[in-house]
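Asks: Fold the following, please.
(one chain, ligands or ions: 1)
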Amino acid sequence: MTGRAAPFVVHGIIRPPGDKSISHRALIFAAIADGPSRVRGVLESADVQATAGALRAMGADIPALSDDFVVNGRGIASLHSPESALDCGNSGTTTRLMAGLVAGLAGRVARFEGDASLSRRPMRRIAAPLTDMGARIEFEGAEGHDGLPMRVHGMPLSAITFVNAHASAQVKGALILAGLASGSGVAVQEPQRSRDHTERMLLARGVQLTVTDDGVVLPPAQTLNAVDVVVPADPSSATFFAALAALADAGKLRIEQVCLNPTRTGALDVLRRMGARIAVDEERVVGGEPVGTLVVGPGVLTATAIGGAEIPRCIDELPMLACVAAMAVGETRITDAGELRVKESDRIRAMVENLRALGVEADELPDGMRIVGARRALSGHVVTHGDHRLAMAFGVLGALPGNAITIDDPGCVAVSYPTFWQDLAVAVAPSSERSVGRTPLVIAIDGPAASGKSSTAQWVAQLLQVHHVDSGAFYRAITLLALEAHPSPETWTAERVLAQAHRISWRLTERSVLPMIDGAVRDEEMRGSAVTRQVSRVAQMALVRQWVNDQVRAAGAATDVVVDGRDIGTAVFPTAALKVFLVADPWERARRRLIQRLGRRPNDAEIAEETEALVARDSLDAAQSAPARDAITIDTTIVTQEEQVERIVALAKATRDRLRGH
Ligand code: S3P
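Replies: Numbering: from 1, shown residues only. As a prediction, this is how the structure comes out:
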């Protein structure tokens with residue numbers, strides 16, 4: 001709550017995507033069970049795709065991820081060595097769980113690779129106990145570096161009793177998977193209980209493990225039954241919306257079907273302690289996990305201390321809690337959270353640096369941070385280091401009216417919550433007189449082929465100082481990856497092409513939304529002739545169009561954008577604040593297109609030929625490119641591009657002023 005004039009009201013229903021920890025395990029356990037398991041509600045995010053890809057590379061029958069599919073498990077022994085390295089992307093859970101599995105499969109070898117962030121993360125924590133059991137693990141990096149790339153050699157393993165100095169569900173899970181794969185007994189003890197999804201899910205699959213006061217014991221020679229699973233919503237993702245509601249002035253958010261496993265609900269306890277109103281509705285047990293709907297409303301937020309045994313129960317939510325602390329009155333201290341330094345980024349350093357950049361008093365502690373909060377407006381630029389949870393935590397702060405926060409890499413939310421920006425836009429969406437301050441402005445520019453949509457949109461974005469989204473760049477990015485994965489385009493299906501989608505995220509540059517591939521810009525290859533030849537094949541696939549539209553919508557929910565393309569004002573952004581439909585006489589469009597293509601003035605015969613082609617294309621496109629009913633049509637036949645851009649900018653400024661109440 002900042003001392004704002006108009007109250008900031010949240011309302012609506014949010015259904016966060018499936019739990020990430022449970023989704024990884026659902027795929028792995030379904031793959032290694034004997035028989036079919038139906039999986040519903042799995043998280044379709046980049047991290048979970050990495051686990052699906054790793055399992056497929058070892059011979060598991062994992063279909064394309066969707067809301068409801070069946071995995072035909074062929075038993076743990078059916079897994080073979082992958083032909084090439086397992087690409088774990090940004091996912092620590094994929095790496096550590098899969099490494100445990102491979103370690104217990106005698107004779108199998110797998111090389112693990114990941115992005116720059118994952119490659120920095122410590123793997124000795126699993127390598128040491130797995131080596132003690134008898135596996136061989138080699139780190140390929142510099143001397144002393146215990147990160148990826150890493151090669152794991154499966155061996156016959158012996159039993160282990162491992163006393164971990166820290167609570168870690170990934171270490172526990174890795175050792176249990178090694179035990180299951182090798183048939184050896186495993187006991188893991190922890191100072192506090194780490195999240196216990198592995199235990200719950202294996203018990204449901206008939207594995208005879210025992211949960212003790214301080215850990216878990218897996219007897220030797222266990223088999224897994226195939227069991228159907230429904231993945232509840234992720235409490236870590238839900239926390240962003242619980243925090244948003246807590247920070248509002250009025251209203252409430254219903255956050256549905258959230259996993260309320262007590263090893264995961266620390267953040268809710270902290271938010272309650274700080275003053276948020278949180279009720280739980282419709283509580284029940286689904287697939288061995290307690291699930292319920294959270295009803296969260298604002299409160300007068302005050303500082304708190306977060307530490308000790310509470311930390312493992314809220315470790316992934318600490319970035320969001322630190323942001324809430326920045327708005328809560330008093331000094332919040334987070335301690336005993338040294339683990340934050342080895343997450344997707346050094347979250348202690350990154351949180352403190354970003355909070356300071358916004359004007360908040362904050363300091364690093366060796367194992368946590370100190371934040372002095374107050375109700376005030378924050379402004380500045382956030383550097384996420386590609387860390388999804390930082391992007392979302394600051395995204396929530398940025399959604400509060402009065403705050404002006406830009407985020408360098410909003411697209412990195414694809415790791416755990418691909419639809420985060422859309423859900424955030426829904427939660428703060430303007431309804432009659434509700435807060436409209438931070439609702440991003442979307443200007444949709446549509447029109448037939450060669451109407452100059454793209455260059456106009458780019459120019460308008462420049463003048464308005466907002467971001468231009470070129471949906472074509474997303475088609476190009478996925479075409480490039482499809483070409484690399486399957487060099488013969490005749491074999492492409494929408495599913496095969498989309499299997500690459502999780503490798504694509506996007507970030508904001510000064511004036512555009514830039515697709516990234518595996519975290520890197522590959523603009524030149526994307527614009528190359530090989531991609532140009534195949535991009536229309538991909539753009540015709542309905543499922544791929546849907547995926548591109550989702551990316552474009554996410555960008556439009558994250559920041560002010562000018563978007564051009566087919567269907568933009570109808571299917572993609574039906575509620576865009578301003579829709580412009582550009583038309584021009586076919587002769588004039590043909591002339592402009594030829595000047596661009598040939599770099600000279602075309603003659604009349606050339607224009608006539610191109611005009612015919614354009615008219616034919618128009619009739620093919622007729623259904624697709626009808627203007628939205630509320631679009632403003634601009635005939636550009638006899639106006640210069642400058643004049644046309646000026647008109648759109650004037651319309652956009654008027655729309656922006658109206659929306660922002662100036
Ligand atoms: C996870 C365990 C936790 C958590 C991570 C997911 C899991 O990590 O932070 O996001 O699914 O097992 P640690 O095991 O390193 O504590």
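Asks: Which pLDDT value belongs to the closest residue to the ligand within the stretch 501-650 of the chain?
Replies: Closest contact between the stretch 501-650 of the chain and the ligand, by C-beta to the nearest ligand atom, is at residue 502 (17.2 Å). No exception for glycine: its C-beta is placed from N, CA and C like everyone else's. Looking at residue 502, its pLDDT stands at 89.
Asks: How about residue 61?
Replies: On the pLDDT scale, residue 61 is placed at 95.
Asks: And for residue 552?
Replies: 93.
Asks: Name the helix or strand for the nearest residue to the residue of the stretch 501-650 of the chain closest to the ligand once chain neighbours are set aside, please.
Replies: Spatial nearest neighbour of residue 502, excluding adjacent residues (C-beta to C-beta, 6 or more residues apart in numbering): residue 49 at 3.6 Å. If you go by DSSP states H and E, residue 49 is part of helix 46-57.
Asks: Name the residues of that helix that come out as buried.
Replies: 46-57 (16 or more other C-beta atoms under 10 Å).
Asks: Residue 331 should be in a helix, yeah?
Replies: No. Counting by DSSP: H, G, I helix; E, B strand; the rest coil, residue 331 is not part of a helix but strand.
Asks: Can you name the residues bridging to it?
Replies: residue 372 (DSSP bridges).
Asks: just checking, it touches residue 371?
Replies: Yes. The pair formed by residue 331 and residue 371 meets the contact definition of C-beta atoms under 8 Å, at 7.1 Å.
Asks: who's more crowded, those two?
Replies: A direct count of neighbours by other C-beta atoms under 10 Å for residue 331 and residue 371 places residue 371 higher, at 26 against 14.
Asks: Tell me who's in contact with that one.
Replies: 303, 322, 325-326, 331-332, 334, 355, 360-362 (C-beta atoms under 8 Å, 6 or more residues apart in numbering).
Asks: Distance check, the nearest residue to it once chain neighbours are set aside against residue 345.
Replies: Leaving out its chain neighbours, the residue that sits closest to residue 371 by C-beta to C-beta, 6+ apart is residue 325, at 4.3 Å. Per C-beta to C-beta, to the nearest Å, residue 325 is found 18 Å from residue 345.
Asks: What of residue 283?
Replies: Counting by C-beta to C-beta, the gap from residue 283 to residue 345 is 35 Å.
Asks: Can you give me the neighbour number for residue 37?
Replies: Neighbours of residue 37 (other C-beta under 10 Å): 22.
Asks: doesn't it fall inside a strand?
Replies: Yes. When three-state DSSP is applied, residue 37 is found to be in a strand.
Asks: what about the helices in the stretch 351-500 of the chain?
Replies: With DSSP state H, counting those that start in this stretch, the ranges of helices along the stretch 351-500 of the chain come out as 388-398, 420-427, 453-464, 471-485, 494-498.
Asks: Using the record's assignment, carve the chain into domains.
Replies: Using automatic domain parsing, the domain parsing of the chain gives 9-17+232-427, 20-230, 442-659.
Asks: Any idea which of these has the lowest pLDDT on average?
Replies: In terms of mean pLDDT, the lowest-scoring of the domains of the chain is domain 442-659 (a mean of 90).
Asks: And the ligand, is whichever strand or helix holds residue 174 touching that?
Replies: Assigned by DSSP H and E, residue 174 belongs to helix 169-182. Yes. Legend: contact between helix 169-182 and the ligand by C-beta under 6 Å from any ligand atom is shown at 169-170, 173.
Asks: who does that helix touch, helix- and strand-wise?
Replies: Contacts defined by 3 or more C-beta pairs under 8 Å, 6 or more residues apart in numbering; DSSP states H and E place helix 169-182 against helix 20-32, helix 92-103, helix 124-133, strand 160-163, strand 186-189, helix 197-204, strand 215-218.
Asks: go with 7 Å
Replies: Using 3 or more C-beta pairs under 7 Å, 6 or more residues apart in numbering; DSSP states H and E, the elements in contact with helix 169-182 are helix 92-103, helix 124-133, strand 186-189, helix 197-204, strand 215-218.
Asks: Return the distance of the spatially most central residue of the chain relative to residue 299.
Replies: Centroid-nearest residue in the chain: residue 414, 1.9 Å away (criterion: C-alpha atoms, centre = their mean). Distance, residue 414 to residue 299, by C-beta to C-beta: 32 Å.
Asks: So which of the helices of the stretch 351-500 of the chain has the densest surroundings on average?
Replies: helix 388-398 (a mean of 27; mean count of other C-beta atoms under 10 Å).
Asks: how far does it sit from the chain's center?
Replies: Centroid separation between helix 388-398 and its chain, computed with C-alpha atoms, centre = their mean, to the nearest Å, is 12 Å.
Asks: can you tell if that helix touches the ligand?
Replies: No. Figure legend: helix 388-398 not in contact with the ligand (C-beta under 6 Å from any ligand atom); closest approach 8.8 Å.
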